[in-house]
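**Q** dropping the sequence and predicted coords here.
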Amino acid sequence: MTTTTPMSSVATLRSQARQHIEQGAVTAGYSADRNEVLKLLNEALATEIVCVLRYRRHHFMARGIHAKGIADEFLLHSNEEQGHADQLAGRIVQLGGEPDFAPDSLTRRSHAEYVAAASLLEMIKEDLVAERIAIDSYRELIQYLGDQDPTTSQMLKGILAVEEEHADELADLLETLPVKPWTPHAVEPD
């Protein structure tokens, strides 16, 4: 096996591990800009929280003949987005940061928007737009990290895969709904 990166000796690894132990998982080998990574992860956290809230609203507000199954899908997506938020918050703490759950600035920090939407069709479209934003945001963040933070990158790849599933499911839901809701024709007076 050929490698271009020299391996540290056991003595060096042991010595480095004893330095700055208060930094926990962040060792001298961490080469990413930690402050920038923490900022970006907090933006991703805000995005996930906004998505949780939007999906929850859509779950409860879904109405119509097609609503039950779609509302269940909204709830499932909300729960999965909450799991992503928890993963992000945990990683922020591992990197020595503080997860920002401040409600007054969530929508400003979030990449996705919180759109209430009035109809089932609008809800699906807004959720799909938010998923597409998340997909591009995570893809860019993964590329930004490169090989400088493989743990965060791996976590983000897992989240990205779920966001892509969400987008695919929402696109499928769009196919099942009529373009316009049915409305009865007005009866002309005699």
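**A** That came in fine, so what should we check first?
**Q** so where is the protein shaky, pLDDT-wise?
**A** Where the chain drops to pLDDT under 70, the residues are 1-3, 12-13, 16-17, 20-28, 178-190.
**Q** spatially central residue for this structure, please.
**A** In the chain, the residue lying closest to the centroid (C-alpha atoms, centre = their mean) is E48, at 4.5 Å.
**Q** isn't that residue up against L88?
**A** Yes. Using C-beta atoms under 8 Å, E48 makes contact with L88 at a distance of 6.3 Å. Heads up, the C-betas are built off the backbone N, CA and C, glycines and all.
**Q** once you drop chain neighbours, what's closest to Q87?
**A** Nearest residue to Q87, sequence neighbours excluded (C-beta to C-beta, 6 or more residues apart in numbering): M155, at 5.8 Å.
**Q** before we move on, what SS does E126 have?
**A** At E126 the chain is in helix, as set by DSSP: H, G, I helix; E, B strand; the rest coil.
**Q** can you name the residues that contact it?
**A** 54, 58, 113, 115, 117 (C-beta atoms under 8 Å, 6 or more residues apart in numbering).
**Q** how far away is the fourth one from M123?
**A** Taken as C-beta to C-beta, to the nearest Å, the spacing of V115 relative to M123 amounts to 9 Å.
**Q** looking at the two, which is more packed in?
**A** Neighbours around V115 and M123, counted as other C-beta atoms under 10 Å, are more numerous at M123. The numbers are 27 against 17.
**Q** and K68, how far is that from R54?
**A** According to C-beta to C-beta, K68 stands 19 Å off from R54.
**Q** of these two, which one has the most company?
**A** Neighbour tally, K68 and R54, criterion other C-beta under 10 Å: the higher count belongs to R54, 25 against 10.
**Q** tell me the spacing between that one and P103.
**A** R54 is 14 Å from P103, by C-beta to C-beta.
**Q** tell me where this structure has helices.
**A** Secondary structure of the chain (DSSP state H): helices at 10-18, 34-61, 67-94, 106-109, 120-145, 150-176.
**Q** I'd like the ones you listed laid out as a markdown table, including distance to T4.
**A** Below are the helices of the chain laid out as a markdown table (distance: least, C-beta to C-beta, whole Å):
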| stretch | distance to T4 |
| --- | --- |
| helix 10-18 | 18 |
| helix 34-61 | 25 |
| helix 67-94 | 28 |
| helix 106-109 | 39 |
| helix 120-145 | 20 |
| helix 150-176 | 16 |
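**Q** how about C51, what does it touch?
**A** Residues in contact with C51, defined by C-beta under 8 Å, 6+ apart, are 77-78, 81, 112, 127, 130, 134.
**Q** got the contact list for the closest residue to V52 other than its chain neighbours?
**A** Among residues not flanking V52 along the chain, E81 sits closest, at 4.6 Å (C-beta to C-beta, 6+ apart). Applying C-beta under 8 Å, 6+ apart to E81 gives the contacts 48, 51-52, 55.
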